[in-house]
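Peer 1: I'd like to go over a predicted model; first the sequence, then the structure.
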Amino acid sequence: MTSLLILGIETSCDETATAFYDSEKGLIGHKVFSQIDLHNQYGGVVPELASRDHIKKLLPMVDHLLNDTGKTINDLDAIAYTAGPGLSGALLVGSVMANGLAFSLGIPSVPIHHMEAHLLAPLLEQDSAKMPFIALLVSGGHTLLIKVESKGDYKIIGQTLDDAAGEAFDKGAKLLGLAYPGGPEISRLAESGTEGAFTFPRPLLKDKKNLDFSFSGLKTSLMYRVKQLKLDELFTDQCRADLAFAYEEAIVDSLVEKTHRAVNKINVDSVIIAGGVGANKKLRSKMSKTFRKKNVEVIFPSLEFCTDNAAMIALTGSYRFQQGIHNENYQITVHPRWSIDKIYEEINAYG
């Protein structure tokens with residue numbers, strides 16, 4: 001089979017990313033530009049600013065990638081891009097760029113589901129995971145438990161009923177006076193926290209059959225605790241660290257317990273943890289310890305592939321292109337809300 005070179009473009013939120021994936025050699029180059037500094041002063045992502053920055057950064061990043069890898073634009077066989085879910089304006093930047101460039105080169109463009117790409121990201125570094133497996137996709141915008149029968153065959157078996165885990169970290173960090181993004185900041189502060197100094201609820205754990213998540217009540221509990229501690233003039237640096245420790249523990253325990261229940265219910269041999277929150281050290285440690293006892297393989301992407309990146313988009317684009325799935329008419333269409341179990345319903349509309 002002839003080797004295929006895929007350009008991946010990721011602009012779903014606040015990272016601008018590009019990558020080249022060779023169907024025979026694997027990942028041969030990728031770049032990510034984070035907008036954290038741009039949005040930090042606002043305590044979260046400002047969609048309009050994110051879109052404008054993608055416009056400024058995307059073409060120069062493609063040029064740099066071409067120079068670094070020694071490739072030319074005419075070496076490309078297809079361009080894969082994030083079509084959803086994500087911020088509509090940010091997604092449109094990537095879609096316009098990918099489809100315009102693909103049209104000019106006379107090559108296919110391939111719309112990719114952002115969360116499917118996260119799910120497949122570990123395959124950038126290993127050949128496969130034994131199927132079926134359970135995937136926990138956990139990020140700032142999503143918390144999903146998915147049964148994966150095969151590439152493209154996904155069934156949601158659990159999801160958040162309100163805030164995503166990453167969103168809960170961001171909101172909790174703001175209450176504790178920490179910077180954005182909140183997950184890494186809470187983890188760093190929690191390292192100097194005291195175990196048992198505070199406790200927070202683990203919502204939806206009493207119903208043993210329930211695989212859904214809820215983090216809104218946890219955030220509210222932290223808000224009231226912080227408010228009272230401030231009134232009592234007890235909101236010290238050590239107190240903040242103790243709160244961070246307990247808050248992180250509550251989120252991680254909920255994620256581990258629900259994943260454990262999913263594995264028991266479906267009886268699989270492998271679990272993939274993907275998405276930005278998958279970089280959390282405590283989550284990695286507790287997941288590994290829990291499933292080691294059950295002889296269940298736990299697979300994490302490298303830290304660089306947990307956060308949004310184009311390598312996972314290019315990889316997924318390679319699979320889709322080889323399946324004959326692409327945007328035949330170069331439609332500038334995005335799907336800000338796109339369920340992972342409805343991938344083909346949306347993709348078929350491109351044909």
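Peer 2: Yes, it's here.
Peer 1: Just confirm residue 110 is within a strand.
Peer 2: Yes: under DSSP: H, G, I helix; E, B strand; the rest coil, residue 110 sits within a strand.
Peer 1: who's in contact with it?
Peer 2: 6, 78, 79, 80, 81, 317, 320, 321, 325, 326, 327 (C-beta atoms under 8 Å, 6 or more residues apart in numbering). (C-beta placed from N, C-alpha, C; glycine too.)
Peer 1: Tell me who's in contact with the closest residue to residue 245 other than its chain neighbours.
Peer 2: Counting by C-beta to C-beta, 6 or more residues apart in numbering, residue 245 lies nearest to residue 193, which is 2.7 Å off, once chain neighbours are set aside. By C-beta under 8 Å, 6+ apart, the contact list for residue 193 reads 241, 242, 243, 244, 245, 246.
Peer 1: Next one: residue 193 relative to residue 171, how far apart?
Peer 2: The spacing between residue 193 and residue 171, counted by C-beta to C-beta, to the nearest Å, is 18 Å.
Peer 1: now residue 139
Peer 2: According to C-beta to C-beta, residue 139 stands 14 Å off from residue 171.
Peer 1: So if I had to pick from the two, which one is more boxed in?
Peer 2: residue 139 (24 against 21; other C-beta atoms under 10 Å).
Peer 1: Just give the nearest non-adjacent residue to the more buried one, would you?
Peer 2: Leaving aside its sequence neighbours, residue 139 sits nearest to residue 275 (C-beta to C-beta, 6+ apart; 3.6 Å).
Peer 1: mind listing what the residue positioned nearest the centre of the chain touches?
Peer 2: By C-alpha atoms, centre = their mean, the chain has its centre lying nearest to residue 275, at 3.0 Å. Taking C-beta under 8 Å, 6+ apart, we find residue 275 in contact with 115, 118, 136, 137, 138, 139, 142, 166, 306.
Peer 1: Recalculate using a threshold of 6 Å.
Peer 2: By C-beta atoms under 6 Å, 6 or more residues apart in numbering, the residues touching residue 275 are 118, 137, 138, 139.
Peer 1: sec struct for the second one, please.
Peer 2: Each residue gets one of three states, and residue 137 gets strand by three-state DSSP.
Peer 1: What count of nearby residues applies to it?
Peer 2: Using other C-beta under 10 Å, residue 137 has 26 other residues around it.
Peer 1: and it, what pLDDT?
Peer 2: Looking at residue 137, its pLDDT is 96.
Peer 1: That one reaches residue 144, doesn't it?
Peer 2: Yes: Residue 137 is within contact range of residue 144, at 4.5 Å (criterion: C-beta atoms under 6 Å).
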